[in-house]
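S.K.: Would you be able to build a 3D model of this:
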Amino acid sequence: MSETGQLKEKLAFGSLEVRVLEVRELPVHLFVVRYELAEKATEIKKHASATHTFQDVLNFKIMRMHGDVEVEAWHKHKLFKDKMVGYFRIPLRELENQEVLNGWFPLSQPDKTKIASPHTSEKSEEDKAGEVRLEMKLTLNEKPKEILHGIVINDNWTAETSGGSLINNRHWTKNHQFLLTVEKDMDVTVRLRLPENSIERGSFYVVKYDSSFYQGRPKRVLDTSEIIKVENFFCPITSLSVDSTMALQAGEYIVIPFTEAKDYAGPFTINAYSKDIDSIDFIKLPKSDKPEDTWTELSIEGQWTEQTAGGGDILTLAWTKNPQYVLTLTKSADVAIVLSQDNTAQSIGFYVIKQTDVNHQAVSYDEEIARTDGFKYTCSIGTKLPRLPGPGSYVIIPATFDPDIVGQFVVNIYSGDSDATLKFMDKQWNARKEITSEWTEQNSGGAPNFDTFAQNPQFSLKVSASPSNSAVSLLVQLIQDSVRFEEASIGFLILKRDPENKALLTQEEITEPSVAGKPNGWVQKMDVVCSLEVPETGGNYVIIPSTFKQGVTRPFQLIVYADTDIELSQIEGKQE
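M.R.: Modelled structure (predicted):
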């Protein structure tokens with residue numbers, strides 16, 4: 001056999017055997033069978049007959065599963081041109097799943113040829129041109145086993161490790177992740193293979209990997225800008241066999257294979273290859289089962305209701321309505337926080353602040369630790385917090401961009417601290433009192449460094465004894481007009497006072513030893529707070545709020561929170 005013939009034999013998809021057995025109701029001399037460019041004929045009978053039988057076996061090489069098998073009935077003439085008197089055609093794919101197809105097939109008149117099938121309905125007498133009995137057998141060669149070069153990893157999806165696509169899908173973190181390290185700028189080919197009999201289709205994403213943060217742990221926060229696109233698509237088209245060659249810069253990437261359906265179970269093979277194979281590495285994450293190479297995962301489901309949907313604007317106090325969650329670390333650790341929803345209906349995000357009072361919901365936005373990069377219509381949004389200081393507690397405040405938007409969500413924490421905890425902060429203060437007042441031209445005395453400080457509005461605070469015979473937690477919050485807060489710095493003093501003294505404090509009575517508490521300076525914020533512990537017997541205090549500068553006029557609100565009964569009132573009178 002010639003080299004060309006040997007190559008064709010090697011590449012053949014299979015073979016087709018056609019036996020023409022007999023004809024009826026149509027006088028013929030022979031049959032011609034065609035498949036693609038190949039043409040073979042039966043023996044030529046001496047006389048045309050409508051009852052001829054044949055013994056011919058016609059064989060064809062199949063190079064691809066495509067095209068039709070064509071059977072023609074011919075009548076020969078001695079003096080005139082030979083004439084085709086009947087025609088039958090069947091798609092090759094109709095033979096694929098049948099061991100042998102044997103039966104009578106209707107022949108069409110040559111000018112009314114149609115693609116036929118043994119399952120088609122009876123032809124009309126007008127179209128009918130006799131019948132031919134055929135036996136057809138399609139034999140497919142065993143497909144050559146593919147040899148994947150480079151680094152090959154065989155793995156399995158399970159219901160726990162098959163999360164589906166990365167796009168608009170909060171379950172993507174369930175998927176397997178493989179770390180691809182590229183030592184220099186080069187072309188790298190990634191291949192995914194599913195079993196040929198798989199009912200599912202798959203593909204993969206290639207995403208930039210921040211090794212300084214993740215350090216061999218699976219990626220948990222996704223930004224779609226980190227995905228390496230393939231011909232302007234986020235990933236190759238799903239199939240049983242997926243190949244993609246990408247020009248990658250030196251660095252680290254993760255390859256995330258996935259299936260179209262979540263919770264799919266089945267084997268797969270993932271492969272990374274480069275001509276300079278020594279310049280790439282390809283391993284499964286996490287690198288090991290050691291605690292430092294794995295995440296401690298914490299998760300809480302929550303919801304925004306009409307009462308708890310405060311919106312994402314921290315310049316208004318409505319944010320305090322949002323659900324709050326306390327993350328407590330026992331040591332400094334890398335932390336990734338992800339807020340998820342089942343669809344993209346809401347624009348979502350979150351804030352993280354330091355929690356100084358682990359027993360009550362936060363009411364003041366102090367010591368911001370992190371926030372998401374805006375609010376987005378997405379299934380999941382997150383942020384990374386490298387080496388978050390610990391021991392310590394942090395408040396996570398998930399929110400929708402607009403207030404009064406109801407919906408469900410999930411907060412996921414991925415921490416390097418195996419003893420970290422996450423809980424819903426549901427404890428409210430037992431008592432809350434508030435007063436609205438204002439600084440006017442007559443009573444805006446400025447900060448304590450002015451000798452007019454006592455001219456500011458003064459408020460009496462009476463704290464009852466603790467019912468539990470323990471110190472009383474107290475929090476004082478001063479709030480100014482949120483629209484104009486940038487125009488002034490504000491603060492206040494909490495001063496001890498004699499319970500018998502009902503009058504306004506004078507400037508001489510405001511001394512350093514009498515100060516029970518104050519915020520951390522006079523600051524240019526919407527609100528300032530001060531927390532303090534009051535003896536279990538309770539006490540009497542005067543709160544004097546002020547702007548830093550003298551003569552600043554504006555309304556303000558004073559709110560006091562406590563774990564026991566309190567009385568708050570403005571002290572009336574006039575300074576001498």
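S.K.: just for the stretch 101-250 of the chain, where's the confidence low?
M.R.: Along the stretch 101-250 of the chain, segments meeting pLDDT under 70 span 112-128.
S.K.: Isn't K174 up against G163?
M.R.: Yes - applying CB atoms under 8 Å as the test, K174 and G163 come out as touching, 3.2 Å apart. C-beta: built from backbone N, CA, C; applies to glycine.
S.K.: Look through the protein and tell me its longest strand.
M.R.: strand 128-140 (DSSP state E).
S.K.: And that one, how far out from the chain middle?
M.R.: Here strand 128-140 is found 54 Å from its chain centre; the criterion is CA atoms, centre = their mean, to the nearest Å.
S.K.: before we move on, the earlier item: give me the more crowded residue out of K174 and G163.
M.R.: For K174 and G163, the more surrounded residue by other CB atoms under 10 Å is G163, and the numbers stand at 22 against 18.
S.K.: could you list every residue that touches the more buried one?
M.R.: N169, H171, W172, T173, K174, N175, F258, K262 (CB atoms under 8 Å, 6 or more residues apart in numbering).
S.K.: If any of the residues you listed are buried, give me the ChimeraX selection for them.
M.R.: A single ChimeraX command selects the buried members of the contacts of G163 (16 or more other CB atoms under 10 Å):
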select :169,171,172,173,174,175,258,262
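S.K.: Buried residues, the longest strand of the chain. List them.
M.R.: For strand 128-140, the neighbour count (16+ other CB under 10 Å) marks K128, A129, G130, E131, V132, R133, L134, M136, K137, L138 as buried.
S.K.: what does the model give the closest residue to the last one other than its chain neighbours for pLDDT?
M.R.: When the adjacent residues along the chain are set aside, L138 lies closest to L95, with 4.1 Å between them (CB to CB, 6 or more residues apart in numbering). Per-residue confidence for L95 comes out at a pLDDT of 90.
S.K.: how about L95, phi and psi?
M.R.: For L95, the backbone dihedrals (degrees, to the nearest 10) come out as phi -100, psi -10.
S.K.: Quick one: list the elements packing against the longest strand of the chain.
M.R.: When contacts are defined as 3 or more CB pairs under 8 Å, 6 or more residues apart in numbering; DSSP states H and E, strand 128-140 packs onto strand 14-24, strand 68-75, strand 83-91, strand 101-108.
S.K.: For the second one, which strands pair with it and how are they oriented?
M.R.: Right, the one you point to is strand 68-75. strand 30-35 (antiparallel), strand 83-91 (antiparallel) (DSSP bridges).
S.K.: Determine which stretch of the ones you listed is the most buried.
M.R.: Mean neighbours per residue, mean count of other CB atoms under 10 Å, is largest over those for strand 30-35, with a mean of 20.
S.K.: which residues pair with the spatially closest residue to A431 that is not a sequence neighbour across the strands?
M.R.: Among residues not flanking A431 along the chain, A562 sits closest, at 4.6 Å (CB to CB, 6+ apart). Assessed by DSSP bridges, A562 has beta-bridge partners A431, L474.
S.K.: picking that back up, what's the closest of the helices and strands packed on strand 128-140 to F31?
M.R.: Among the helices and strands packed on strand 128-140, the nearest to F31 by CB to CB is strand 14-24 (4.7 Å).
S.K.: Report the inter-axis angle for the closest one versus strand 68-75.
M.R.: 30 degrees (axes from the mean of the first three to the mean of the last three CA atoms, to 10 degrees).
S.K.: Flag every buried residue along strand 14-24.
M.R.: Under the neighbour-count criterion of 16+ other CB under 10 Å, strand 14-24 has G14, L16, V18, R19, V20, L21, V23 buried.
S.K.: got a markdown table for those, with distance to S415 too?
M.R.: A markdown table is the format used below for those (distance: CB to CB, whole Å):
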| residue | distance to S415 |
| --- | --- |
| G14 | 57 |
| L16 | 63 |
| V18 | 69 |
| R19 | 72 |
| V20 | 75 |
| L21 | 76 |
| V23 | 80 |
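S.K.: quick one: contacts for D56?
M.R.: Taking CB under 8 Å, 6+ apart as the criterion, D56 is in contact with R19, V20, F31, T42, E43.
S.K.: pLDDT wise, what is the residue nearest to the fourth one when sequence neighbours are not counted at?
M.R.: Nearest residue to T42 in three dimensions, chain neighbours excluded: D56, at 4.0 Å (CB to CB, 6+ apart). Reading off the confidence values, D56 has pLDDT 91.
S.K.: T537 contacts P467, doesn't it?
M.R.: No - the criterion here is CB under 8 Å, and T537 misses it with P467 at 11.9 Å.
S.K.: where's I314 relative to N102, distance?
M.R.: For I314, the distance to N102 equals 79 Å [CB to CB, to the nearest Å].
S.K.: quick one, which of the two is more surrounded?
M.R.: Using other CB under 10 Å, the more surrounded residue of I314 and N102 is I314, with 19 against 14.
S.K.: Do a quick rundown of the helices in the protein.
M.R.: In the chain, the helices defined using DSSP state H lie at 3-11, 211-214.
S.K.: buried stuff in the shortest one?
M.R.: Along helix 211-214, the positions that meet the burial threshold by neighbour count (16+ other CB under 10 Å) are F213, Y214.
S.K.: got a list of contacts for that helix?
M.R.: Contact with helix 211-214 is made by R220, E252, D334, A336, K384, P386, as judged by CB under 8 Å, 6+ apart.
S.K.: mind running it again at 10 Å?
M.R.: Residues from elsewhere that reach helix 211-214, judged by CB atoms under 10 Å, 6 or more residues apart in numbering: 177, 179, 181, 217, 219-221, 251-252, 254, 285-286, 293, 295, 334-336, 384-387, 414.
S.K.: Among those residues, name the buried ones.
M.R.: Burial by neighbour count, judged by 16+ other CB under 10 Å, picks out 177, 179, 181, 217, 219-221, 254, 285-286, 293, 295, 334-336, 384-385, 414 from the contacts of helix 211-214.
S.K.: from those residues, which ones fall inside strands?
M.R.: Per DSSP E, the buried ones among the contacts of helix 211-214 map to strands at L179, T181, I254, D334, V335, A336, K384, L385, Y414.
S.K.: As a markdown table, those with distance to Q524 would be great.
M.R.: As requested, those are exported to a markdown table (distance: CB to CB, whole Å):
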| residue | distance to Q524 |
| --- | --- |
| L179 | 46 |
| T181 | 48 |
| I254 | 44 |
| D334 | 33 |
| V335 | 30 |
| A336 | 33 |
| K384 | 30 |
| L385 | 27 |
| Y414 | 36 |
